[in-house]
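Participant: Okay, predicted coordinates and the sequence, questions at the end:
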Amino acid sequence: MRISLTRRAFPVILGLVGLAVWAAPSLAAPVTFKVVLTGPQQVPPVDTAATGTAEITYDSATRVVTWNVTYNGLSGQPTMAHLHGPAASGNVAPPVIWLTEKGAAVTGPIKGEATLTPEQAEQFTSGMWYVNVHTAANPKGEIRGQVVPPKS
């Protein structure tokens with residue numbers, strides 16, 4: 001089958017291709033940000049000199065979140081670490097994602113990745129999750145930081 005195009009058809013075809021490219025959803029680049037972890041952010045606040053940082057990258061196109069959590073000055077070895085939600089700052093929520101291997105010894109830095117469900121992605125990007133690092137002396141968490149992704 002042979003298709004014959006006239007010179008008049010080319011502008012129409014190019015216009016349709018341009019419209020399709022323009023109308024295609026734009027894919028935002030992954031965003032990386034830092035979350036500061038401290039004892040006073042715990043609920044109730046924990047009196048500790050410990051601090052930490054969670055470097056988090058979120059790719060909205062794939063809903064993949066990656067993390068690198070560092071800490072120092074904890075009362076002892078961390079026993080586990082999670083992303084909790086949904087909860088605004090000052091509130092508590094159950095763990096949503098384990099940042100460490102469940103039941104395994106925790107060594108730092110804590111690194112990993114997970115794919116969020118659409119509902120989790122909405123909560124995450126709305127600032128309704130927090131990072132929590134637990135220790136034996138502070139089983140409900142010694143340091144915490146609210147995850148507030150930068151607005152794109």
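Facilitator: Looks like it came in fine.
Participant: Poorly predicted segments of this structure, please.
Facilitator: Low-confidence segments of the chain (pLDDT under 70): 1-27, 152.
Participant: partners of the residue nearest the centre of it in the sheet?
Facilitator: Nearest to the mean C-alpha position of the chain, counting by Cα atoms, centre = their mean, stands V65 at 4.4 Å. Beta-bridge partners recorded for V65 (DSSP bridges): Y58, A114.
Participant: try the one 4 residues further on
Facilitator: The residues paired with V69 through beta bridges, assigned by DSSP bridges, are A54, I110.
Participant: who are the neighbours in contact with it?
Facilitator: Counting by Cβ atoms under 8 Å, 6 or more residues apart in numbering, V69 makes contact with 37, 52-55, 81, 99, 108-111, 131, 133. In this view, the C-beta of every residue, glycine as well, is placed from N, C-alpha and C.
Participant: Provide a PyMOL selection command restricted to the buried entries of those.
Facilitator: To isolate the buried subset of the contacts of V69 in PyMOL, counting by 16 or more other Cβ atoms under 10 Å, use the following:
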select buried, resi 37+52+53+54+81+99+108+110+131+133
